[in-house]
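S.K.: Sequence first, predicted coordinates after that:
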Amino acid sequence: MLTEFNNHFILISGESGAGKTEASKKIQQYYAVSCPCTTLMNTVRDKMLMSNPVLEAFGNAKTLKNDNSSRFGKYMDIQFDSQGDAVGGHILNYLLEKSRVVHQNHGERNFHVFYQLVEGGSDDLLKQLGLERNVQHYYYLTQGECAIVSSINDKNDWKSVKNALQVIEFDENNTNHLFRVVASVLHLGNVHFDADSKGHALLKNNTELNWVSDLLGVDANNLKEGLTFRKIETKTEQVLSPFTIDHAIYVRDALAKAIYGQTFTWLVNRINESMENKDSSRKTVIGLLDIYGFEVFYVNSFEQFCINYCNEKLQQLFIQLTLKAEQEEYEAEGIEWEPVQFFNNKIICDLVEEKHRGIISILDEECLRPGDATDLTFLERLEEKMGNHPHFVTHRLADNMTRKTLERGDFRLLHYTGEVTYCVVGFLDKNNDLLYRNIKDLVCQSKNAIVRECFSAVDTANKRRPETVVTQFKNSLQKLTEMLMAKEAWYIRCLKSNESKQPGQFDEALIRHQVKYLGLMEHLRVRRAGFAYRRRYEDFLKRYKPLCPATWPHWRGVPADGVELLAQHLGYLPDEYKMGRTKIFIRHPRTLYATEDAYEKCKHDLATKLQAKYKGYKVKGEFRKQKEAATKIETCWRGAQARKEKEKRAWAVKVIKKFIKAYINRGEAKSTDNSEYLVFVRQSYLNRLKNNLPKTVLDKTTWLTPPAVVTEASEILRKLHYRLMVRRYVRGIPPQRKAQLQMKVVTSSIFKGKKENYPQSIPQPFLDTRISEQEINIQVLSMIRNEQIKYSVPVIKYDRNGFKPRPRQLILTKTAAYVVEEAKVKQRVSYTSLK
């Protein structure tokens, strides 16, 4: 794939239980560990591997042949980029065996997921879903009478499924809806009917029905009506026709199959969305076809007919791509060849699928024709149309000996594997797979997101009859065949070693039978006598021409001659290769391997030479470019520098001339001649003044003498500067000092010129001698508290006679002044009495 960048597929075939699903998982595991490790690869790898437990849970079941039998066909495309990294995947599913949901033969089970949910689900989950931890309680799980199997651990498998759903990025909401759908099918199987006096179906109890309506999110009454009545529409009205018990059971089972089948398709689509490759660039793919194997049971029905028809188509594809196509190619290319005889099963495929005459066409006609069409009328039509076919026989057409082994409702086909007897009972019903319109309308309104999404795609307004199941399957197989024919095929043939599902037992007769019907001996004879490798001359020459000097680097002649020269140069012996009309054929793989090894070695040598030449060419080119660029840069730089110097000198001459002229006219009034000079003088003075400003307020002498042109401005600046210094000085005074100075100003205004010792008192600081309320006697405080004390200070009272000092307290309140001696108020002066 990486070498030739083309698409491939691997066809895994073999009968049921031969190991096809396990082989498919081994291939996926190989991709996972062998591809380069990247974050995207890890994501795709994990999703690809984890899709297996989910699809096996919902699509596999125990059969008589196999404990993990695939009951659907799976084709997976794994997308790779050019480096071999897996970047995406896509799954196509084919014909899920929906009838297993409602019926299992003795010794078989329903799909694994039902048992896993009941056995492995948590108690809370089962309570939410209305389920009991006992599979024997559910009608749909006990018909095969083998619900518990020693080789299957449903609890562990449940954990694997839950983990896988998280890896595939199912959110909790979708997971819950999915489990509700599974649980609804189990409850639906437990819905039983009784007959009324007229034989019409009645529901026994509504418990299970209520659980179904709750889990699916539909109206219980409408569901009950849909299970017991058919709605018939006329032009003017709608009529409800009651069901018999058998008809009601058929409708119940049809609903269960439809819900499960649509949910399985939704599940595959969600896995595809999770693995989708978002990169739109071209990718190569390796397809992996793991489809149900050939089945022969004691009773074979419609499902086995479809499965075995599918295996016939795949065997035909195998024959077409190997035995038939290869031998025809040798003849077309003129290679000497002795034909190998083989059985071509095209006659059986035509018997089944031929238009208007095959079994499928007759089955569809019986399903679609008006009147009382039954399974037996279908068998009669088969006998009419196919009476003389060597691979078809019925009880009426058989000889006496064969008739003993056939029931009246059976027909027998001679498949490529051998004879298989089919019972026609149920063929028409299973092929129609009809769901009444009122049931479809009901589930379309479901509140369960999955069910609503599944059935919203169904066009309920379209009154055309849908395609039958077998026709859909036939068309999907036709598309699959066309898709596979466009890819290069590889094969894995699985052989079943024994019928008892035991290790270490090798049934030689069984193996011989499988080898024979698979056509392996004929295939080996063709391969052994034929050629392992063939390629068109153009392709072979394009790939290997470097190995011969005569064909490298270009061959101008006929491609066949170039390939002949190349083969001789490589030393091919005459019996190792043949030259056809358009292709070369190489007999032994070892010859091709030796050529490929030589090509790999030559490729490295050529790459080294090309790298050396290219590096030398690239370095020389870079050096030449750099040299030219350096020369250009030097030239431009020198020119730029010269122009800049010239402009500088011209500018300098102008400035000097202007300055001299302005200096001469400096004493005159401002004009165009001296304006710039005067600006220069101002700037010069201001710059000098900036660096020589006085530092203190008392410095009155260091202010620079200004030129005449800025005398006025200089005086304004001087005043501003001194005011600024004063402001800075004032702002630098601490608050305490500032308060004292402010009090001195007030005192000065009062006492200046009125007090003899005024000049001596100016330098003395004011002391803050106020007293607090705690220092005032409590009796005095209680007397004057209501007047709100504003100011209190200790004072000295001097007696009039003798001037004896006596300590007092002066207290100023809001209304009066008090003179206090300890606990006594000596004097009270009201402010209103002051003049």
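M.R.: Arrived safely, thanks for sending.

S.K.: Need the mean per-residue confidence for the lengthiest helix in the chain.
M.R.: Of all segments of type helix in the chain, defined using DSSP state H, the longest is helix 589-664. Mean per-residue pLDDT for helix 589-664: 89.

S.K.: Show me what it is packed up against.
M.R.: Secondary-structure packing of helix 589-664 (3 or more CB pairs under 8 Å, 6 or more residues apart in numbering; DSSP states H and E): helix 537-544, helix 559-570, helix 675-691. Where C-beta positions appear, they are placed from N, C-alpha and C, glycine not excepted.

S.K.: Now with 7 Å, please.
M.R.: helix 675-691 (3 or more CB pairs under 7 Å, 6 or more residues apart in numbering; DSSP states H and E).

S.K.: Can you name the next helix or strand after the helix it packs on?
M.R.: helix 711-731 (DSSP states H and E).

S.K.: any idea which helix or strand comes after that following helix?
M.R.: By DSSP H and E, the next helix or strand past helix 711-731 is helix 735-751.

S.K.: Helix, strand or coil: sort out residue 531 for me.
M.R.: coil (DSSP: H, G, I helix; E, B strand; the rest coil).

S.K.: scratch that, residue 393
M.R.: Residue 393 - assigned by three-state DSSP - is strand.

S.K.: List the single closest residue to it in space, sequence neighbours excluded.
M.R.: Residue nearest to residue 393 in three dimensions, not counting chain neighbours: residue 412, with 4.8 Å by CB to CB, 6 or more residues apart in numbering.

S.K.: which residues touch the most centrally placed residue in the chain?
M.R.: A centroid search over the chain (CA atoms, centre = their mean) returns residue 274, at 5.1 Å, as the residue closest to the centre. Neighbour list for residue 274: 47, 168, 169 [criterion: CB atoms under 7 Å, 6 or more residues apart in numbering].

S.K.: coming back round to it: the residue nearest to residue 393 - that's part of a strand, no?
M.R.: Yes - the assignment for residue 412 (three-state DSSP) places it in a strand.

S.K.: Give me the neighbour count for it.
M.R.: The tally of other residues near residue 412 (other CB atoms under 10 Å) stands at 20.

S.K.: again with residue 509
M.R.: Residues near residue 509, counting by other CB under 10 Å: 7.

S.K.: Could you measure from it over to residue 497?
M.R.: 12 Å (CB to CB, to the nearest Å).

S.K.: just residue 133 next, same as before
M.R.: Taken as CB to CB, the span from residue 133 to residue 497 is 37 Å.

S.K.: distance between stretch 265-284 and the chain's centre?
M.R.: Its chain's C-alpha centre and that of stretch 265-284 lie 9 Å apart, by CA atoms, centre = their mean, to the nearest Å.

S.K.: quick one: low-confidence ranges for the stretch 351-500 of the chain?
M.R.: Low-confidence segments of the stretch 351-500 of the chain (pLDDT under 70): 457-465.

S.K.: Strands of that one, start to end?
M.R.: Taking DSSP state E, counting those that start in this stretch as the criterion, the stretch 351-500 of the chain carries its strands at 392-394, 410-414, 419-423, 488-493.

S.K.: I'd like to know which of these lies nearest to residue 576.
M.R.: strand 488-493 (23.4 Å; CB to CB).

S.K.: tally of neighbours for the spatially closest residue to residue 486 that is not a sequence neighbour?
M.R.: Of all residues not flanking residue 486 in the chain, residue 7 sits nearest, at 7.1 Å (CB to CB, 6+ apart). Residue 7 has 19 neighbours, counted by other CB under 10 Å.

S.K.: Need the pLDDT of residue 7.
M.R.: 88.

S.K.: between residue 133 and residue 497, which one's more packed in?
M.R.: Neighbour count, other CB under 10 Å: between residue 133 and residue 497, residue 497 has more, with 19 against 11.

S.K.: right, and the more buried one touches residue 508 too?
M.R.: No - taking CB atoms under 7 Å as the definition, residue 497 is not a contact partner of residue 508, at 9.8 Å.

S.K.: circling back to that earlier point, just how off-centre is the longest helix of the chain within its chain?
M.R.: For helix 589-664 - counting by CA atoms, centre = their mean - the centre lies 47 Å from the chain centre.

S.K.: Residue 790 belongs to a strand?
M.R.: Yes - when classified by three-state DSSP, residue 790 is found to be part of a strand.

S.K.: mind checking the SS state of the closest residue to it other than its chain neighbours?
M.R.: Leaving out its chain neighbours, the residue that sits closest to residue 790 by CB to CB, 6+ apart is residue 812, at 5.2 Å. Using three-state DSSP, the structure places residue 812 in strand.

S.K.: Noted, bye for now.
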